[in-house]
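> let's see this in three dimensions:
(one chain, ligands or ions: 1)
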Amino acid sequence: MHVPEHLILLAPSANRVYAADAPRLVGAELQALAAGFGMTGARVEPITLAGVDYLGLHSDEDLDDTGKQLLAALSAAHAVFRREGDLLAPVRLPRLGHYPDDLVTIQKYQGKTNEQWTRLLLNVTAAATRTPGRLLDGGLQVLDPMCGRGTTLNIALSLGLDAIGVDVDRKDYEAYSAFLKTWMRQHRLKHTVEDAQLTIGGTKRGRRLTAQLAPTKEDFKAGGVQHLTYLSTDTTDLQGLVRSGSVDVVATDTPYGVQHGSHGDRLARRPLDLLDRALPEWTRVLRTGGAVGLSYNRHVAPRDELVALLADHGLAVADGDPDAFRHRVDASIDRDLVVASK
Ligand SMILES: C[S@@+](CC[C@H](N)C(=O)[O-])C[C@H]1O[C@@H](n2cnc3c(N)ncnc32)[C@H](O)[C@@H]1O
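Numbering: from 1, shown residues only. Okay, here's the model as predicted:
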């Protein structure tokens, strides 16, 4: 057996979320990140050493700073080791998070998309853009057009990114607005926040939450602020609300078409119809070279139909193993993701 140069110990929580599928899913995520970031020759494989499971990373070159950042960004890396003969040396990874971890973990509610899966979706989608480096340098503009109570928004903020969220369910908007305001206050973060009626051309379109925040007072004063916008409105009409060609990544967990995942809209029970109505707007706001990543339930949206729909809307789905990210959540959810670029 050829032991790889680097071994990644997965976070125990990954096994709780994905059970036996964790190494395969996180391995596919790492492979996608490595490809996106041009780590040619990188190969990922699950491996067991002394009875402990790892994800092995074979690579032609030693890990540079970007490689370490990628491993730090991985949705479920607990620790990374470099093999030195028969021994493993711990590798210190950079800390990517800009805020206390509770930004992502504190909210608990029915219908919340799992944090690790959301992180994985964002990573794999960013890797498919023409500018993946923006994931790590704070430049990636993220849109979650069906954001619920904001799992994607919080993960984007924690990575130093700007984010826009849209959801038609007013209760989700109110819960998120209350959460974010309280969280920024409790952590004494310098910020501005506005929660206002959204009126475009005299028509009431819902509400808009806008916040500007920074990890430290110094960052805030120096203008290093992050922008967060949450639009409480229907995602099929973003005219006048989100500029054309302004976002790098559209990443969302689509309605699962089952009771606990589909409040809000009648169309949410037929996700493909909803996507057909929403995709013209999502592709309009996406910049050329940007990517769309959708998490979906294969029981209600067969993969080939979804891929055809994305192509109808002018998006290109990358080749590759169509089952790489597929996994069973429960009897009613056969979860998968698909990524397409503009
Ligand atoms: C699977 S949930 C997303 C959960 C979210 N990722 C979270 O962790 O809170 C799907 C969301 O799609 C929203 N939705 C359904 N139809 C919509 C529409 N027409 N416009 C905007 N949002 C919609 C629902 O309100 C629901 O919050």
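> off-centre distance for the helix or strand harbouring residue 123?
According to DSSP states H and E, residue 123 maps onto helix 115-127. How far helix 115-127 lies from its chain's middle: 4 Å, per CA atoms, centre = their mean, to the nearest Å.
> low-confidence stretches in the stretch 1-150 of the chain?
1 (pLDDT under 70).
> what are the boundaries of the helices in it?
Ranges of helices in the stretch 1-150 of the chain, per DSSP state H, counting those that start in this stretch, are 12-18, 22-36, 65-73, 102-105, 115-127, 134-137.
> kindly report the same for the stretch 151-300 of the chain.
Secondary structure of the stretch 151-300 of the chain (DSSP H, counting those that start in this stretch): helices located at 151-158, 170-186, 217-221, 271-285.
> just put the ones you listed in a markdown table and tack on mean pLDDT.
Shown next, in a markdown table, are these (pLDDT from 0 to 100):
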| stretch | mean pLDDT |
| --- | --- |
| helix 151-158 | 98 |
| helix 170-186 | 98 |
| helix 217-221 | 95 |
| helix 271-285 | 97 |
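> hang on, the earlier thing: the helix holding residue 123 vs helix 65-73, what angle?
150 degrees (axes from the mean of the first three to the mean of the last three CA atoms, to 10 degrees).
> unless I'm mixing things up, residue 295 is touching residue 116, no?
No: between residue 295 and residue 116 there is no contact under CB atoms under 8 Å: 11.8 Å. Using the backbone N, CA and C atoms, a C-beta is placed for each residue, glycine as well.
> for the ligand, give me its nearest residue in the stretch 101-250 of the chain.
Closest to the ligand within the stretch 101-250 of the chain is residue 148: 2.4 Å, counting by CB to the nearest ligand atom.
> surely that residue and residue 168 touch.
No: in this structure, residue 148 is not within contact of residue 168 by CB under 8 Å, at 10.4 Å.
> of those two, who's got more company?
The neighbour comparison of residue 148 against residue 168 (other CB atoms under 10 Å) goes to residue 148, with 26 against 19.
> now the nearest residue to residue 56 once chain neighbours are set aside: how far from residue 88?
Distance criterion CB to CB, 6 or more residues apart in numbering; nearest residue to residue 56, sequence neighbours excluded, is residue 4 at 3.4 Å. According to CB to CB, to the nearest Å, residue 4 and residue 88 sit 11 Å apart.
> residue 302 too?
From residue 302 across to residue 88, the span is 43 Å (CB to CB).
> who's more crowded, the two?
Neighbour count, other CB under 10 Å: between residue 302 and residue 88, residue 88 has more, with 19 against 12.
> tally of neighbours for residue 101?
Residue 101: 10 neighbours (other CB under 10 Å).
> so what's residue 153 up against?
By CB atoms under 8 Å, 6 or more residues apart in numbering, residue 153 lies in contact with 142, 144, 147, 163, 165, 176, 228, 230.
> the last one contacts residue 196, correct?
The one in question is residue 230. No: Residue 230 is beyond contact range of residue 196, at 11.4 Å (criterion: CB under 8 Å).
> ok, the two, which is more surrounded?
More neighbours surround residue 230 than the other of residue 230 and residue 196, with 26 against 9 (other CB under 10 Å).
> quick one: residues contacting that one.
Neighbour list for residue 230: 147, 150, 153, 164-167, 173, 176-177, 208-209 [criterion: CB under 8 Å, 6+ apart].
> can you pull the pLDDT of it?
Residue 230 is assigned 98 on the pLDDT scale.
> cool, residue 234 as well?
You'll see residue 234 listed with a pLDDT of 97.
> distance of it from residue 251?
Residue 234 sits 19 Å away from residue 251, going by CB to CB.
> who's more crowded, those two?
A count of neighbours by other CB under 10 Å puts residue 251 above the other of residue 234 and residue 251, at 28 against 18.
> and that one, how far is that from residue 314?
18 Å.
> ditto for residue 291
With distances taken as CB to CB, residue 291 is found 13 Å from residue 314.
> what's the overlap in contacts for those two?
Applying CB under 8 Å, 6+ apart, one finds that residue 291 and residue 314 are jointly contacted by residue 342.
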